[in-house]
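Asks: Mind looking at a prediction? Sequence and model below.
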Amino acid sequence: MLKNIQEWVLLLVIVGVSGLVGNWVGYDVFPLTALPGMAVLIGICLAGFILKEIIPLNFPSIAYISIIGVVVSMPWFPGSDKVVEWTTQVQLLALTTPILAYAGIAIGRSWSDFVKLGWRTLIVASLVMIGTFLGSAVIAEMILGFQGII
Amino acid sequence: MQDGNTAMGLWKDWRLHAIVLVIVIVTELIGTFSIKVGPGVVLLLPMLYALIIGIILYFTPAVKARQSMNAEPIIVLGVSLLLAKIGVIIGPSLPEVIAAGPALLLQELGNLGTILIALPVAIWLGMKREAIGMTHSIGREPNVGLIMDKYGMGSPEGRGVMAMYIFGTVFGAVFLGLLSGLLATITPLSPLSFALASGVGSGSMMAAASGSLIAAFPDLETQIIAFSGASNLLSLSTGLWVSIFIGLPLTEKMYGWMTRKKEGY
């Protein structure tokens, strides 16, 4: 458990540093300005990982992390204004770039399997994605419209 | 498919982290481009170049098999940072998310749209039972688990769902990123409806789809993030149940009906 925590902290810091650099290069936020926000985000992740270890439920750690993030930034939570103020400095898109860089390097290995699948698979798989995305959007549009939100 | 259980010593792979840092700097320097396609806009974002550069680098001596293997568990950690960030965006706008509750719940059924659109084409193209595994859902980890559990690893259904899984892993983020920017600008549907649709149950796809929406509609940034994040959270928790009780039975029924009709002629 302690070894795990050490590993998580080191890796989160490494990914966090890449995120801070991207945040600087792409969004002109100086790393020191965004540092408190990144530290808060890393803290939330750690809390989620630790909760997953100590709570004997088969609930994924990412679910804990999402919920902790929501709770600590809700207006009634003590210090939530600081949490929001600091984390605003970390751009969402700056966090996605390192993730997809790691993903690309990982995906390279399954590329040849992918090429073997053939053109029919490409068409059907594209339609699966379009169907899901458009289907959800059309239903959302109807209900949001009905509720008067849009 | 597991999370939290990262192997030990991944932080020591300085080669991998240095490559990622260089990719980040290069792609952020290139920045965002928007290409007009008819009335719509296709957005090219740094994260899309990062994915493509990562794949290309795998085939160069810069990346060895070791780096590729080490990169995999780190994606989960990166996604958890992203989910923490999404969480702190949802918190302050929770009242709006709750107001959108019914839309949030019901749009999950929209994922069934894939069966209506993709299954007939798959059958028309001559696919057999592979089509069931492939089109019953968007084919993320829980769906792969479901199909493997029900039909077995080597079954045609199993091959179908794996094909979808690989497609989603390789192209999902790029595909949804391009699609959402384009559809949100050419269709009359609201960007917020597309934000809800972005939560398909995959962190990277959601990030890409909502990222394009934000770049196209910067004024709506907070709402887009709150809606897509909440929707993704919901998809993660309910998506499997929708597949078990509605998606898969419906796909089976439609498949049986469509192939019988075809044989009858």
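Replies: Thanks, I have the structure now. Numbers count the residues shown, from 1 in each chain, chains lettered A, B, ... in the order given.

Asks: What is the neighbour count of B:Lys85?
Replies: Neighbours of B:Lys85 under the rule other CB atoms under 10 Å in any protein chain shown: 30. Glycine gets a C-beta too; all of them are placed from N, C-alpha and C.

Asks: helices or strands up against the helix or strand harbouring A:Met129?
Replies: Secondary structure assigned from DSSP states H and E places A:Met129 in helix A:119-147. Packing contacts for helix A:119-147, counted by 3 or more CB pairs under 8 Å, 6 or more residues apart in numbering or on different chains; DSSP states H and E, involve helix B:101-106, helix B:113-124, helix B:130-135, helix B:156-186, helix B:191-198.

Asks: how about these in TSV, adding mean neighbour count, distance to B:Leu16 and mean pLDDT?
Replies: Formatted as TSV, these follow (neighbours: other CB atoms under 10 Å in any protein chain shown; distance: least, CB to CB, whole Å; pLDDT from 0 to 100):
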stretch	mean neighbour count	distance to B:Leu16	mean pLDDT
helix B:101-106	17	37	86
helix B:113-124	21	35	92
helix B:130-135	28	33	94
helix B:156-186	23	19	87
helix B:191-198	29	29	95
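
Asks: Redo those helices as a markdown table? Include distance to B:Gly9.
Replies: Shown next, in a markdown table, are the helices and strands packed on helix A:119-147 (distance: least, CB to CB, whole Å):
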| stretch | distance to B:Gly9 |
| --- | --- |
| helix B:101-106 | 41 |
| helix B:113-124 | 40 |
| helix B:130-135 | 36 |
| helix B:156-186 | 25 |
| helix B:191-198 | 35 |
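
Asks: Which of those sits closest to A:Ile99?
Replies: Closest approach to A:Ile99 among the helices and strands packed on helix A:119-147 (CB to CB): helix B:156-186, 9.2 Å.

Asks: Return the distance of the closest one from the chain's centre.
Replies: Between the centre of helix B:156-186 and the centre of its host chain there is 6 Å, according to CA atoms, centre = their mean, to the nearest Å.

Asks: what does stretch A:100-120 give?
Replies: For stretch A:100-120, the distance to the chain centre is 22 Å (CA atoms, centre = their mean).

Asks: Where does the prediction get shaky in chain A?
Replies: The model of chain A has pLDDT under 70 over residues A:59-60, A:114, A:117.

Asks: how about the residues of the stretch 151-265 of chain B near chain A?
Replies: B:163-164, B:166-173, B:175-176, B:179-180, B:183, B:189-190, B:192-194, B:196-198, B:200, B:203-204, B:207-209, B:211, B:214-215, B:225, B:229, B:231, B:233, B:236-237 (CB under 8 Å from any CB of the partner chain).

Asks: Nearest to chain A: which residue in the stretch 101-250 of chain B?
Replies: B:Gly113 (2.0 Å; CB to the nearest CB).

Asks: you'd agree that residue is up against A:Ala137?
Replies: No: when contacts are counted by CB atoms under 8 Å, B:Gly113 is not listed as touching A:Ala137 (9.1 Å).

Asks: anything in stretch A:36-50 near chain B?
Replies: Yes: Stretch A:36-50 lies within reach of chain B by CB under 8 Å from any CB, at A:40-42, A:44-45, A:48-49.

Asks: And the furthest pair within those residues?
Replies: A:Val40 and A:Phe49 (15.3 Å).

Asks: which ones among the residues of stretch A:36-50 next to chain B are found in helices?
Replies: Among the residues of stretch A:36-50 next to chain B, the ones falling in helices (DSSP state H) are A:40-42, A:44-45, A:48-49.

Asks: how is chain A carved up into domains?
Replies: A:2-109, A:118-150 (automatic domain parsing).

Asks: Tell me the buried residues in the shortest one?
Replies: Residues of domain A:118-150 classed as buried under the neighbour-count rule (16 or more other CB atoms under 10 Å in any protein chain shown) are A:121, A:124-144, A:149-150.

Asks: need the helices for chain A, in chain order.
Replies: Going by DSSP H, chain A shows helices at A:2-27, A:31-54, A:61-72, A:80-87, A:92-107, A:111-115, A:119-147.

Asks: these two touch, right, A:Leu134 and B:Ala197?
Replies: Yes: contact criterion CB under 8 Å: A:Leu134 and B:Ala197 qualify, at 7.4 Å.

Asks: so what's in contact with these two at the same time?
Replies: In terms of CB atoms under 8 Å, 6 or more residues apart in numbering or on different chains, A:Leu134 and B:Ala197 are both contacted by the residues B:Gly110.

Asks: and stretch B:74-91, how far out from the chain's middle?
Replies: On CA atoms, centre = their mean, the centre of stretch B:74-91 falls 15 Å from that of its chain.

Asks: do stretch B:211-224 as well
Replies: Worked out by CA atoms, centre = their mean, stretch B:211-224 lies 18 Å from the chain centre.

Asks: Can I get it in PDB? Just the C-alpha atoms.
Replies: The C-alpha trace of stretch B:211-224 is given here as PDB (Å, rounded to 0.1, in the frame of the first residue of the first chain):
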ATOM      1  CA  GLY B 211     -12.700  19.600 -26.300                       C
ATOM      2  CA  SER B 212     -13.800  20.200 -29.900                       C
ATOM      3  CA  LEU B 213     -17.100  21.600 -28.700                       C
ATOM      4  CA  ILE B 214     -15.300  24.000 -26.300                       C
ATOM      5  CA  ALA B 215     -13.000  25.200 -29.000                       C
ATOM      6  CA  ALA B 216     -16.100  25.800 -31.300                       C
ATOM      7  CA  PHE B 217     -18.200  27.400 -28.600                       C
ATOM      8  CA  PRO B 218     -15.800  29.000 -26.000                       C
ATOM      9  CA  ASP B 219     -18.600  30.900 -24.400                       C
ATOM     10  CA  LEU B 220     -20.300  27.700 -23.200                       C
ATOM     11  CA  GLU B 221     -17.100  26.100 -21.900                       C
ATOM     12  CA  THR B 222     -18.200  25.600 -18.200                       C
ATOM     13  CA  GLN B 223     -21.600  24.100 -19.200                       C
ATOM     14  CA  ILE B 224     -20.100  21.900 -21.900                       C
END
